[in-house]
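next one to model:
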Amino acid sequence: MNFNEIKVNLAETFGEIMVVSNGREVYLYIDGKKTEKVDGIAYKAISTKNWNTFNIKVTGRHTPINYTGAPIPVKLIGAETKLWFDYKANEPKISISTESIEPIPHGRIKVAKGEI
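Below is the predicted model:
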């Protein structure tokens, strides 16, 4: 089995997810080279289970999330999670892409140390 074939259960691994940045455009890479074609929008997110930060790439159409300084609980629709190895940093990384992302309106989510 290759490292990138390992399956990750998003909910069990990360619990609830909160966006902690405005989105930024990410570009399509072909044969390791960046193209001028926008491939999606990436948001920095944080896990309520282990408090790790990571990026989520949204590949479909969605209403951009307006980050105003407070973490925003979100729901991912059609999310796919993969592990990969960053040889420059010499460490494993996680890649999360989703078809759509939606803020949870007025949502309170359970976190490892209470609720927010």
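
thought residue 48 was touching residue 16?
Yes. Judged on CB atoms under 8 Å, residue 48 makes contact with residue 16 at a distance of 4.3 Å. C-beta coordinates here come from the backbone N, C-alpha and C atoms, glycine included.

quick one: the lengthiest strand in the chain to chain centroid distance?
Assignment by DSSP state E gives strand 33-47 as the longest strand of the chain. In terms of CA atoms, centre = their mean, to the nearest Å, the centre of strand 33-47 is set 10 Å apart from its chain centre.

which residue is the nearest non-sequential neighbour of residue 91?
Nearest residue to residue 91 in three dimensions, chain neighbours excluded: residue 85, at 7.6 Å (CB to CB, 6 or more residues apart in numbering).

mind listing the residues bridging to the one you found?
residue 92 (DSSP bridges).

and the gap between it and residue 36?
27 Å (CB to CB, to the nearest Å).

okay, those two: which has more neighbours?
residue 85 (12 against 6; other CB atoms under 10 Å).

check what pLDDT the more buried one gets.
Here the pLDDT value assigned to residue 85 is 85.

list the contacts for it?
Applying CB atoms under 8 Å, 6 or more residues apart in numbering to residue 85 gives the contacts 3-4, 91-93.

hmm, which two among those are most spread apart?
4 and 91 (14.3 Å; CB to CB).
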